[in-house]
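**Student:** With the input below, show me the fold.
(chains A and B)
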Number of protein chains: 2
Amino acid sequence: MKRRTFLQHAAAVAAVPLGRFASSTPFARGAGVNASAPLHVNGARLNASLTALGEIGRTAGGINRYAYSDADLAGRAYAIGLMGDAGLAPRTDVAGNIRGRVPGTDASLPPILIGSHVDSVTDGGNFDGPVGALSAIEVARSVREQGVRLRHPLDVVIWQNEEGGTIGSKMAIGALTEADLDKVARSGRTIREGTALVGGDPARWREAVLKRGDIACYLELHIEQGGLLEKAGLQIGVVQGIVGLRWFEVTITGFANHAGATPMDQRQDAVLAAAKFTVAVNDAIRAEPGRQVATVGRMVVTPNTTNVIASQVVLTVDLRDLDEAKLARFTAVLEQLGAGIGRATDTTFKFARLVDSEPAMADPRVQDWIDASAAALGLTRQRMPSGAGHDAQEIARIAPMGMIFVPSVGGISHSPKEFTRPEDVVHGAEVLLNTVVAADGGFPGV
Amino acid sequence: MKRRTFLQHAAAVAAVPLGRFASSTPFARGAGVNASAPLHVNGARLNASLTALGEIGRTAGGINRYAYSDADLAGRAYAIGLMGDAGLAPRTDVAGNIRGRVPGTDASLPPILIGSHVDSVTDGGNFDGPVGALSAIEVARSVREQGVRLRHPLDVVIWQNEEGGTIGSKMAIGALTEADLDKVARSGRTIREGTALVGGDPARWREAVLKRGDIACYLELHIEQGGLLEKAGLQIGVVQGIVGLRWFEVTITGFANHAGATPMDQRQDAVLAAAKFTVAVNDAIRAEPGRQVATVGRMVVTPNTTNVIASQVVLTVDLRDLDEAKLARFTAVLEQLGAGIGRATDTTFKFARLVDSEPAMADPRVQDWIDASAAALGLTRQRMPSGAGHDAQEIARIAPMGMIFVPSVGGISHSPKEFTRPEDVVHGAEVLLNTVVAADGGFPGV
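**Tutor:** Residues are numbered from 1 along each chain as shown, chains lettered A, B, ... in the order given. Prediction:
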């Protein structure tokens, strides 16, 4: 089966024309291997590992390796085994993140960090996380096998509990509180209990906190989780940044009354007000160019009875954009829309902020290296925001960050239907590998 | 306390100018009392009984005399006691409905039936049902006390379990099945168990079924449960009929996807489609004159998560009008709106009919008698539909039916805030009394 996958892959890769680096690319002062040709990974091995991991936590409903579950532990054990095979001397740090290393030639330099996660959402797929995590391992293994001499150490990380709120990477930058550790995760265990369970030491987690300067840069390969690349027929997304996010809880209060006996012009109908608001938000977001998104994904109606005009709706709005100013402007638009619809429908709108996260911009130099690496590999690409959150958004607070996207078939994610083609996985891993080489040359002063 | 209520009431009634019957009204050949002046009830006694009943089943959340509960049993016992005091020789029939009688002068004539219910919704008020039920008892008592000679027997009925779906009146016309009897009511008891509990005999309930001709007519006084009368500043509603009703369950299917990573133009958002549909239904219903109403009161979202575009919404539409043809036309409009919005939002709409009930028209002669009675009492009034369902809609299938509405303060019902002013209760009871007299003269051939 591995053999067959390899042959299938080889045929697919052969169709991709290989590019050549222009002498002005950062690769010119990169690794000790032939700097004029891009490096490759063992794509068959990478996809075989992805397939093997996909058997762990698989249920009738999808992949279920949510953090601190037995399947999560088994997935992590599989990754640790793979890192051992790759010669990365893996260990779990006090924050519960798995770390491995390929030493560099200059022991004074901070490491280049690459990685992602292997935990999943409930009833999810096998590509969100694992594509980046196993590719990072494959990239490090390729560096060792191919004798690529890097000046910086190359560190691989598998972050714990990404899907529960980028917990491992938040711990890595010291962004969690002790109270956060007592929050209960999907598994029913607290983050504190889970961190101990996966081999961390929750009493000492702050010893793993990274300061600015501790790592040279952070690179993460991930599936797009949207349909932009597929729709555009492109192979690689060069991530410009991870969008900032505002979560609002909107409480709309009307008045419960009889659905038969109350004339249409004497109602204070919270469902109607919520519907008008949902439509108005959608119209406002789509009315101007840009990649801003807003979603009403949750709506709870009271009393939620067929023959009673609703007295209350609590709904959420998820607003995202790469531009903080645009987020602020649309926040004001939402509140204006709510106030106007409230007046028109004789209801009241109350807004609460549930979550705020700032946009996390990718380092422009790192974007250029990703772009150049993809070009050298003959891959088509575009710059684009990440609409989803990732561990990279945390690490961007303390180090230059870059992300590489590969297409999601049908734009589907967090679903058992999530799928990224094997050749796209390999493309992503190879862009990651060559970006590491570029970064190694690109940080001469660090 | 009774004394004070009486005095307050006497002052209120004194302000109402008394009218005189024109010689052409049915009252001219009515009862043996002075046919030129309307009759009155003991308003203080009526309101005192309403106050006393309101202490039964009262909780912090409102009146809770839902069918077959201890409070319902206590409320029924109170009504039976009152009927005994009124000399009506009350009994509970095999269908669990309470019946009492004032004999008429012609034993060959079928009874005029008046009544309502004393059960309540959860956390309801003390006026929906009791105003009509206790007024019917007061009217029968007044007929006896005042020596009003009626040709027809005057029967008082307290229907069981109105709020659970007009169960007692459905049984009275034979409209329930044995399977219906096994449905579980709000109390946790089946209708079969509940019917036995209140003193009926569920094995023999069909013995209580009324055929056409078994009763001369049915009259019910009820609170409006809407705000039309109050808004118009009127005292009495002459009900033209009880609206027909269609309940639709609409299942809107989209596709769950990432709220951050999925561009606005690549979504299949079931919440957005549901919102557009809700707004469109409201616009369509309000776009033409008439008293038709449509309500989206229930909406269940899947997966109902802030950061996931909803894959499904199941919502209900409650559509009502007095005109069957209009109901059919709006049914088609709903389906067209759903199909169009489905195409526009890349979702699918599926419609299921949950409940269908035909409009139940009030007998035009009975409407005229109610109108004339109100006029004779100097009360302002208008003809109007009942948007709410009532036991009267069932009895209308086998007998001429009429309903009298009195104002609900603020149009509020099914709520602890439900309230009808004591003077309006008395107005309603007096219209009922005089309509009985008119009906007794108005059915000479029965």
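**Student:** So the closest residue to A:Arg421 other than its chain neighbours versus chain B, what's the distance?
**Tutor:** Nearest residue to A:Arg421, sequence neighbours excluded (C-beta to C-beta, 6 or more residues apart in numbering or on different chains): A:Val409, at 6.8 Å. C-betas here are computed from N, CA, C, even on glycine. To chain B, A:Val409 is 13 Å away according to C-beta to the nearest C-beta, to the nearest Å.
**Student:** what about A:Val409, neighbour count?
**Tutor:** Neighbourhood size, A:Val409 [other C-beta atoms under 10 Å in any protein chain shown]: 15.
**Student:** what's it sitting at in phi/psi?
**Tutor:** Per-residue torsions, A:Val409: phi -60, psi 130 (degrees, to the nearest 10).
**Student:** Quick one: the strands in the stretch 151-300 of chain A, in order.
**Tutor:** Here the stretch 151-300 of chain A has its strands, by DSSP state E, counting those that start in this stretch, at A:154-159, A:217-223, A:236-242, A:244-253, A:257-258, A:293-302.
**Student:** if we compare those, which one ends up closest to B:Arg76?
**Tutor:** Comparing the strands of the stretch 151-300 of chain A against B:Arg76 with C-beta to C-beta, the closest turns out to be strand A:257-258 (24.3 Å).
**Student:** Surely A:Ala344 is in a helix?
**Tutor:** Yes. The assignment for A:Ala344 is a helix, going by DSSP: H, G, I helix; E, B strand; the rest coil.
**Student:** I'd like the distance from it to chain B, if you could.
**Tutor:** A:Ala344 is 12 Å from chain B, by C-beta to the nearest C-beta.
**Student:** Just give the closest residue to that residue, not the sequence neighbours.
**Tutor:** What sits nearest to A:Ala344 in space, not counting adjacent residues and going by C-beta to C-beta, 6+ apart, is A:Lys276, at 7.5 Å.
**Student:** if we can go back for a sec, for chain B, which of the strands of the stretch 151-300 of chain A is the nearest?
**Tutor:** For the strands of the stretch 151-300 of chain A, proximity to chain B was assessed by C-beta to the nearest C-beta; strand A:293-302 is nearest, at 3.9 Å.
**Student:** so for that closest one, what's the average pLDDT?
**Tutor:** Averaged across strand A:293-302, pLDDT comes to 96.
**Student:** And chain A, what are its domain boundaries?
**Tutor:** A:2-242+A:361-442, A:244-357 (automatic domain parsing).
**Student:** hang on, the earlier thing: with mean neighbour count added, can I get the strands of the stretch 151-300 of chain A in a markdown table?
**Tutor:** What follows is the strands of the stretch 151-300 of chain A, written out as a markdown table (neighbours: other C-beta atoms under 10 Å in any protein chain shown):
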| stretch | mean neighbour count |
| --- | --- |
| strand A:154-159 | 28 |
| strand A:217-223 | 29 |
| strand A:236-242 | 25 |
| strand A:244-253 | 21 |
| strand A:257-258 | 26 |
| strand A:293-302 | 23 |
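**Student:** on that earlier part again, among the domains of chain A, which gets the worst mean confidence?
**Tutor:** Lowest mean pLDDT within these: domain A:2-242+A:361-442, at a mean of 90.
**Student:** which residues does the spatially most central residue of chain A contact?
**Tutor:** Geometric centre of chain A, nearest residue: A:His390, 3.0 Å, by C-alpha atoms, centre = their mean. Under the criterion of C-beta atoms under 8 Å, 6 or more residues apart in numbering or on different chains, the neighbours of A:His390 are A:116, A:162, A:166, A:220, A:222, A:242, A:403.
**Student:** run the last query once more with 10 Å
**Tutor:** By C-beta atoms under 10 Å, 6 or more residues apart in numbering or on different chains, A:His390 lies in contact with A:116-117, A:128-129, A:132, A:159, A:162, A:166, A:169, A:220, A:222, A:225, A:239, A:242, A:360, A:396, A:401, A:403.
**Student:** Tell me which residue lies farthest from the centre of chain A.
**Tutor:** A:Ala261 (51.1 Å).
**Student:** On the three-state scheme, the closest residue to A:Val406 other than its chain neighbours is what?
**Tutor:** Excluding the flanking residues, the one nearest A:Val406 by C-beta to C-beta, 6+ apart is A:Gly428, at 4.0 Å. Following three-state DSSP, we place A:Gly428 in the helix state.
**Student:** quick one: A:Gly428 from B:Leu432, how far?
**Tutor:** According to C-beta to C-beta, to the nearest Å, A:Gly428 and B:Leu432 sit 80 Å apart.
**Student:** Compare neighbour counts for those two and give me the winner.
**Tutor:** A:Gly428 (28 against 25).
**Student:** pretty sure that one contacts A:Asn434?
**Tutor:** No. The criterion here is C-beta atoms under 10 Å, and A:Gly428 misses it with A:Asn434 at 11.2 Å.
**Student:** Residues of the stretch 51-200 of chain A that sit close to chain B?
**Tutor:** A:121-123, A:128 (C-beta under 10 Å from any C-beta of the partner chain).
**Student:** you'd agree A:Gly402 is in a helix?
**Tutor:** No. Secondary structure of A:Gly402 (three-state DSSP): strand, not part of a helix.
**Student:** For it, give its distance to B:Gly84.
**Tutor:** For A:Gly402, the distance to B:Gly84 - C-beta to C-beta - is 88 Å.
**Student:** Same question for A:Gly441.
**Tutor:** Distance, A:Gly441 to B:Gly84, by C-beta to C-beta: 102 Å.
**Student:** Please say which of these two ends up with more neighbours.
**Tutor:** More crowded of A:Gly441 and B:Gly84, by other C-beta under 10 Å: A:Gly441, with 19 against 12.
**Student:** For chain A, which segments count as helices?
**Tutor:** A:2-14, A:43-53, A:70-85, A:130-145, A:167-172, A:178-181, A:191-197, A:228-232, A:270-286, A:324-345, A:364-376, A:391-395, A:422-442 (DSSP state H).
**Student:** So for B:Ile112, which of these sits nearest?
**Tutor:** That would be helix A:270-286 among the helices of chain A, by C-beta to C-beta, at 42.6 Å.
**Student:** which strands and helices sit next to that closest one?
**Tutor:** Counting contacts by 3 or more C-beta pairs under 10 Å, 6 or more residues apart in numbering or on different chains; DSSP states H and E, helix A:270-286 packs against strand A:244-253, strand A:293-302, strand A:308-309, strand A:312-321, helix A:324-345, strand A:348-357, helix B:270-286, strand B:293-302.
**Student:** Please save the CA atoms from stretch A:214-226 in PDB.
**Tutor:** This file holds the C-alpha atoms of stretch A:214-226, laid out as PDB (Å, rounded to 0.1, in the frame of the first residue of the first chain):
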ATOM      1  CA  ASP A 214      14.000  32.800  21.600                       C
ATOM      2  CA  ILE A 215      13.100  31.600  18.100                       C
ATOM      3  CA  ALA A 216      14.300  32.900  14.800                       C
ATOM      4  CA  CYS A 217      10.900  32.500  13.100                       C
ATOM      5  CA  TYR A 218       7.800  30.300  13.100                       C
ATOM      6  CA  LEU A 219       6.400  28.600   9.900                       C
ATOM      7  CA  GLU A 220       3.200  26.600   9.700                       C
ATOM      8  CA  LEU A 221       1.800  24.700   6.800                       C
ATOM      9  CA  HIS A 222      -2.000  24.200   7.000                       C
ATOM     10  CA  ILE A 223      -5.000  23.300   4.800                       C
ATOM     11  CA  GLU A 224      -6.900  26.400   3.700                       C
ATOM     12  CA  GLN A 225     -10.200  25.400   5.300                       C
ATOM     13  CA  GLY A 226     -11.900  27.500   2.700                       C
END
